[in-house]
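S.K.: Need the 3D shape of this:
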Amino acid sequence: MNDLEYVSRLDHTWNGAYQNKDVVALERVLAEDWVAFIPEGRKLTKPEILEAVPHNPDAQLTFDEFEVTLFGDTAITRGWLTAVGAETRRQQFFRVYARRQGQWQAVSVQVVPILETP
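M.R.: Purely as a prediction, here's the structure:
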């Protein structure tokens, strides 16, 4: 499997872990120094997201328009997330992966809400 395929598979693992609230799988994907910037304007660390995921509201998540780009030992993935639950949210995400000591892991994500315009 080449790097592009591996990062793509890793990103799909992240999506599945998030959908299924699978902290064990998510923990393997995220580097220890992983950091997220979420729509509320806060920064989250790996321990914070692992604590929060089991308490996420139930929703049907759909990930689409997925792209992967490699830059040597760094990769970015971009895509859309639609969450349908008590309310419907649409977001774009931008994830950064790094290959360290031969192993790919996620090191960061930025999540941007898509606001409805009148």
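
S.K.: hang on, isn't residue 76 packed against residue 69?
M.R.: Yes. Applying Cβ atoms under 8 Å as the test, residue 76 and residue 69 come out as touching, 5.3 Å apart. Glycine gets a C-beta too; all of them are placed from N, C-alpha and C.

S.K.: Look at those two and report which has more neighbours.
M.R.: More crowded of residue 76 and residue 69, by other Cβ atoms under 10 Å: residue 76, with 15 against 11.

S.K.: show me the contacts for the more buried one.
M.R.: Neighbour list for residue 76: 68-69, 94-97 [criterion: Cβ atoms under 8 Å, 6 or more residues apart in numbering].

S.K.: repeat for residue 46
M.R.: By Cβ under 8 Å, 6+ apart, the contact set of residue 46 is 27, 30-35.

S.K.: beta partners for the closest residue to residue 31 other than its chain neighbours?
M.R.: Nearest in space to residue 31, with sequence neighbours left out and distances taken as Cβ to Cβ, 6 or more residues apart in numbering, is residue 105 at 4.0 Å. Counting by DSSP bridges, residue 105 is bridged to residue 98.

S.K.: For stretch 45-61, buried residues please.
M.R.: For stretch 45-61, the neighbour count (16 or more other Cβ atoms under 10 Å) marks 46, 49-50, 53, 59, 61 as buried.

S.K.: longest helix in this protein, by residue count?
M.R.: Taking DSSP state H as the criterion, the chain has its longest helix at helix 3-20.

S.K.: name the element the nearest residue to residue 11 once chain neighbours are set aside belongs to?
M.R.: Sequence neighbours aside, residue 77 is the residue nearest to residue 11 in space, at 4.7 Å (criterion: Cβ to Cβ, 6+ apart). If you go by DSSP states H and E, residue 77 is part of strand 74-84.
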